[in-house]
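J.: sequence and computational prediction follow.
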Amino acid sequence: PTTDGTSGQQLTTDGAGVVSWSSSGVASAAFQFYLNTATASNLTGDGTSYTLGTDALTQLFQTGSGMATNGNFTAPVTGVYYFYVSALLTNLSATHTQGQINITAPSIINAAQDCNPGIARTSSGGDNNHFTLQGSTILSLSAGAVVNFTIVVSGGTKTVGLYGDGTTSKWTYITGMLVS
């Protein structure tokens, strides 16, 4: 084109070599986000499902729209999305024999990690009884589909919490992006 495009526009081609500016398409709706949480106690451990965002998440950055601080992601456009969750579990014991991160969308439950945190937890030093659950997935979503992120620990009592400082901590967080 002989002119500059405006903010948010992208170059498109008609397949025959004619290039022009366009305001439609996935690229204008691209997003990425990173949210984290503050330390919280007694959230799970007895099989209780805890949704990240029940206690407000802190948004460190977001390009585009879709991710709310209540932990729900709403797909702004139809596309393929990547999500990653990391949760530093605290106050684990040997009885906490199952830990799971679930990334859930309509008709999809993706157990991103399923393990025995009671065995895998730290057991010496200053950070006793901690374990980091991590999981990721790629989902094909329709515009408006809602995704949420839950943590379940079972086998023991409801003593398991999450560690995070709610500002710049990278201990417990959700991040994601539009892939295509």
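T.: Yes, it's here.
J.: list the contacts of stretch 95-102.
T.: Stretch 95-102 has contacts (Cβ atoms under 8 Å, 6 or more residues apart in numbering) with 45, 49, 85, 87, 89, 109-119, 121, 131, 133-135, 149-157, 160. All C-beta atoms are positioned from the backbone trio N, CA, C, and that covers glycine.
J.: the strands in this protein, which residues?
T.: All strands of the chain, identified by DSSP state E, fall at 10-13, 19-22, 32-36, 38-44, 49-51, 58-63, 73-74, 79-90, 98-105, 108-115, 131-141, 146-154, 160-165, 173-178.
J.: in TSV, list these along with mean pLDDT.
T.: Output for the strands of the chain, formatted as TSV (pLDDT from 0 to 100):
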stretch	mean pLDDT
strand 10-13	72
strand 19-22	76
strand 32-36	78
strand 38-44	89
strand 49-51	94
strand 58-63	78
strand 73-74	92
strand 79-90	91
strand 98-105	92
strand 108-115	77
strand 131-141	91
strand 146-154	94
strand 160-165	86
strand 173-178	88
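J.: filter the contacts of stretch 95-102 down to the buried ones.
T.: 45, 85, 87, 89, 110, 112-113, 117-118, 121, 131, 133, 135, 149-156, 160 (16 or more other Cβ atoms under 10 Å).
J.: what sits against Ala145?
T.: By Cβ under 8 Å, 6+ apart, the residues touching Ala145 are 74-75, 105-106.
J.: buried ones among the residues you listed?
T.: Buried subset of the contacts of Ala145 (neighbour count, 16+ other Cβ under 10 Å): 75, 105.
J.: out of the contacts of Ala145, who's nearest Ser20?
T.: For the contacts of Ala145, the residue nearest Ser20 by Cβ to Cβ is Ala75; the value is 27.6 Å.
J.: surely that closest one is in contact with Ser140?
T.: No. Using Cβ atoms under 8 Å, Ala75 is not in contact with Ser140; the gap is 9.8 Å.
J.: so what's in contact with the two at the same time?
T.: What both Ala75 and Ser140 touch, as defined by Cβ under 8 Å, 6+ apart, is the set Tyr81.
J.: relative to Tyr34, how far out is Ala143?
T.: 22 Å (Cβ to Cβ, to the nearest Å).
J.: swap in Thr54?
T.: For Thr54, the distance to Tyr34 equals 19 Å [Cβ to Cβ].
J.: higher neighbour count, these two?
T.: Using other Cβ atoms under 10 Å as the criterion, Thr54 and Tyr34 rank with Tyr34 on top: 18 against 13.
J.: identify the bridge partners of that one.
T.: Here Tyr34 sits in beta bridges with Phe61, Thr175, going by DSSP bridges.
J.: so it makes contact with Thr172?
T.: No. Applying Cβ under 8 Å as the test, Tyr34 and Thr172 come out as separate, 11.9 Å apart.
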